[in-house]
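Novice: okay, here's the prediction I keep looking at, along with the sequence it came from:
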Amino acid sequence: EESQKAEETGEQQEAEGQVASSINPKMANAEGESAEPENEEEEEEEKDYSGIPPVPVNGPSIYPIHAASGVGYGQSFAANAHRHVPDSWLPAVKFLIEEAGAEVDIRDVNAYTALHHAASRGDDELIMYLVERGADVTVVSRKGQTTADMANGPQQRTPPYLETVALLEKLGSTNNHKCVSC
């Protein structure tokens, strides 16, 4: 019985080896695409524009101030829209900064700040509060997105908030004019 199991295992390993050796990453699929990168740029890791070190393994992805300011809105997690209570953003952020001592410009795993998240929702009132508390409007995310970029339709289902873009530009943020939803 043991020799039969060993024989079956050997046959299975041989079959798996044949399948693995028959995979050709250069072979195109029905759309004409292959797993092989067309140029060396595709092989490179995505450039990090933020200038901050990566989050350590098991480090936090977000902090409470990110959740309170609208994390996810500018990242195509549109399902968040039904989960907020109107007029709750500013009081929550005020509590975190004034009572709990939250850092205004602390970055999340993607190097977004609370200001990025507020901008992605077009929340001018929260933006002004954060700026009054010392938020840096010139910060750039790992993807190179400025706070104005986050207000300018950064995802397909996120509309641009033109008044917010204008406000952030006036405050010193760069608008790279990369509206995805326009």
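Specialist: The structure has been received and is ready for your questions.

Novice: quick one, domains of the protein?
Specialist: 2-43, 64-171 (automatic domain parsing).

Novice: now do the contacts for the residue nearest to Glu163 when sequence neighbours are not counted.
Specialist: Spatial nearest neighbour of Glu163, excluding adjacent residues (C-beta to C-beta, 6 or more residues apart in numbering): Asp124 at 6.7 Å. (C-beta placed from N, C-alpha, C; glycine too.) Contacts for Asp124 (C-beta atoms under 8 Å, 6 or more residues apart in numbering) come out as 163-164, 167.

Novice: tell me the helix or strand right after the helix or strand of the chain with the lowest mean pLDDT.
Specialist: Ranked by mean pLDDT, DSSP states H and E, the weakest helix or strand in the chain is helix 40-43, scoring a mean of 50. Next helix or strand after helix 40-43 toward the C-terminus (DSSP states H and E): helix 64-69.

Novice: helices and strands around that next one, which ones?
Specialist: Counting contacts by 3 or more C-beta pairs under 8 Å, 6 or more residues apart in numbering; DSSP states H and E, helix 64-69 is packed against helix 89-94, helix 114-120.

Novice: what does it contact?
Specialist: Here helix 64-69 has contacts from 89, 92-93, 96-97, 100, 102-104, 106, 108, 112-115, 117-118, 123, 126, 130, using C-beta under 8 Å, 6+ apart.
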